[in-house]
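Peer 1: Okay, predicted coordinates and the sequence, questions at the end:
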Amino acid sequence: MTTPELGLPMTVPAEGLPSRVRIHEVGARDGLQNEKATVPTEVKAEFVRRLAEAGLGTIEATSFVHPKWVPQLADAEQLFPLVRDLGDLSGTALPVLVPNERGLDRALALGATRIAVFASATESFARANLNRTVDEAFAMFEPVVARARAERAHVRGYLSMCFGDPWEGPVPVPQVVRACRALLDMGCDELSLGDTIGVATPGHVRRLLAELAGQGVPTDVVGVHFHDTYGQALANTLAALEQGVTTVDASAGGLGGCPYAKSATGNLATEDLVWMLTGLGIDTGVDLDRLIATSVWMAEQLGRPSPSRTVRALSHKE
């Protein structure tokens, strides 16, 4: 047990938890894609740079989805070159989302070395988000993943609606496991299990992770992506850590949601996550003060206060 510094929680380690967690920062992509007003490209680039300076080693930079579907990220070709050098300067990983082979072409042409595809565990959301069935979406992603791997790019497979779907209700665990196996079998290097509408609870999280492990999915390729719709994101994260997960998605300032799932509120705030992990003695490499300053700055650009409770508590801004 250590004495807390000003602005940091007391460190009280708990048994059975990882010593280090990799935060997959999604604020610049998942966080900003749901904004009504388009954020200037230069502001996005500065956001990514400030996040890197705060110690975040993985920052999802943008999406190469057609501008018609996600107009807020229509500047991917302009943005990525402005931040690409962070990989050489600080070793920051800059994954980008690609929806299909055309998106992959655009990303690879700009030197992207980490890409992500975005699948669904449910038919309803696959239709709403991709205008395809689940199987049709997997068929679309197979050549994308194969080509990315051939180019020696790291591939992440997002799987949305892993716990609940606004049209279908609770999602059966075996259905999610089958989708996870499909993504791994096509060549994805890692998975991100998405609680897209924020309905998961810790028991459900433990059950899914245990079933994945039982079906031969190693924990070290699994990340978790929780939304805080019902205030469960941190509790669910802790449950995942107890099951051996060491990669957690989070969004600086709690930005984000899902444009195709209206009941989805903000992502787990990176600051709230870092506060909890710091208290547990888990290393993240993140400077909380610099991260908070970054989120306060970004909130000013967006013209509203940060949803993150930690940002509000430590910045004294309501």
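Peer 2: Everything's here; your move.

Peer 1: Next, the contact list for residue 160, please.
Peer 2: Counting by CB atoms under 8 Å, 6 or more residues apart in numbering, residue 160 touches 118, 119, 120, 121, 125, 129, 194, 196, 258, 261. Any C-beta I mention is one placed from the backbone N, CA and C, and that applies to glycine too.

Peer 1: same check, this time on residue 132
Peer 2: 126, 140.

Peer 1: Do you know the pLDDT at residue 286?
Peer 2: Here the pLDDT value assigned to residue 286 is 98.

Peer 1: From the contact counts, what lies against the helix or strand hosting residue 313?
Peer 2: Residue 313 is part of helix 309-315 when elements are defined by DSSP states H and E. Secondary-structure packing of helix 309-315 (3 or more CB pairs under 8 Å, 6 or more residues apart in numbering; DSSP states H and E): helix 270-279, helix 288-302.

Peer 1: Could you say which of those is packed most deeply?
Peer 2: The highest average neighbour count among the helices and strands packed on helix 309-315, using mean count of other CB atoms under 10 Å, belongs to helix 270-279 at a mean of 24.

Peer 1: now that one against helix 288-302, angle please.
Peer 2: Calculated by axes from the mean of the first three to the mean of the last three CA atoms, to 10 degrees, helix 270-279 forms an angle of 170 degrees with helix 288-302.

Peer 1: now what about helix 270-279, what contacts it?
Peer 2: Residues outside helix 270-279 that contact it (CB under 8 Å, 6+ apart): 8-12, 21, 23, 25, 27, 56, 233-234, 237-238, 248, 250-254, 283-284, 286, 288, 291-292, 295, 308-311, 314.

Peer 1: let's see 7 Å
Peer 2: Here helix 270-279 makes contact (CB atoms under 7 Å, 6 or more residues apart in numbering) with 8-12, 21, 23, 25, 27, 234, 237, 248, 250-252, 284, 286, 288, 291-292, 295, 308-311.

Peer 1: repeat for stretch 225-233
Peer 2: Residues contacting stretch 225-233 (CB under 7 Å, 6+ apart): 192-201, 236-237, 249, 263-268.

Peer 1: In strands, which of these fall?
Peer 2: 192, 193, 194, 195, 249 (DSSP state E).

Peer 1: Helix, strand, or coil at the nearest residue to residue 224 once chain neighbours are set aside?
Peer 2: Distances taken as CB to CB, 6 or more residues apart in numbering put residue 240 closest to residue 224, at 4.6 Å, once the chain neighbours are dropped. Three-state call for residue 240 (DSSP: H, G, I helix; E, B strand; the rest coil): helix.

Peer 1: Ok, residue 285 next?
Peer 2: coil.

Peer 1: so who does it touch?
Peer 2: By CB under 7 Å, 6+ apart, the contact set of residue 285 is 55, 57.

Peer 1: one more time with 8 Å, if that's ok
Peer 2: Contacts were defined as CB under 8 Å, 6+ apart; by that measure residue 285 touches 20, 55, 56, 57.

Peer 1: Can you select the buried ones from those in PyMOL?
Peer 2: Listed next is the PyMOL selection for buried residues among the contacts of residue 285, using 16 or more other CB atoms under 10 Å:
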select buried, resi 55+56+57
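
Peer 1: Check the contacts of residue 285 against residue 73 and report the nearest one.
Peer 2: Each of the contacts of residue 285 was scored against residue 73 by CB to CB, and residue 56 proved nearest at 19.0 Å.

Peer 1: now the end-to-end length of stretch 241-248.
Peer 2: Terminal residues of stretch 241-248 are spaced 9 Å apart (CA to CA, to the nearest Å).

Peer 1: One more: stretch 78-97?
Peer 2: First-to-last residue span, stretch 78-97, CA to CA: 15 Å.

Peer 1: max-length helix in this protein?
Peer 2: helix 134-150 (DSSP state H).

Peer 1: Restricting to C-alpha, output that helix in PDB.
Peer 2: What follows is helix 134-150, C-alpha atoms only, in PDB (Å, rounded to 0.1, in the frame of the first residue of the first chain):
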ATOM      1  CA  VAL A 134     -23.700 -11.600 -40.200                       C
ATOM      2  CA  ASP A 135     -22.400 -14.300 -42.600                       C
ATOM      3  CA  GLU A 136     -22.300 -11.800 -45.600                       C
ATOM      4  CA  ALA A 137     -20.300  -9.400 -43.400                       C
ATOM      5  CA  PHE A 138     -17.800 -12.000 -42.500                       C
ATOM      6  CA  ALA A 139     -17.500 -12.900 -46.200                       C
ATOM      7  CA  MET A 140     -16.800  -9.300 -47.000                       C
ATOM      8  CA  PHE A 141     -14.100  -9.100 -44.300                       C
ATOM      9  CA  GLU A 142     -12.200 -12.200 -45.200                       C
ATOM     10  CA  PRO A 143     -10.300 -10.700 -48.200                       C
ATOM     11  CA  VAL A 144      -9.800  -7.500 -46.300                       C
ATOM     12  CA  VAL A 145      -8.100  -9.400 -43.400                       C
ATOM     13  CA  ALA A 146      -6.200 -11.600 -45.800                       C
ATOM     14  CA  ARG A 147      -4.800  -8.700 -47.700                       C
ATOM     15  CA  ALA A 148      -4.000  -6.800 -44.600                       C
ATOM     16  CA  ARG A 149      -2.100  -9.700 -43.200                       C
ATOM     17  CA  ALA A 150      -0.300 -10.100 -46.500                       C
END
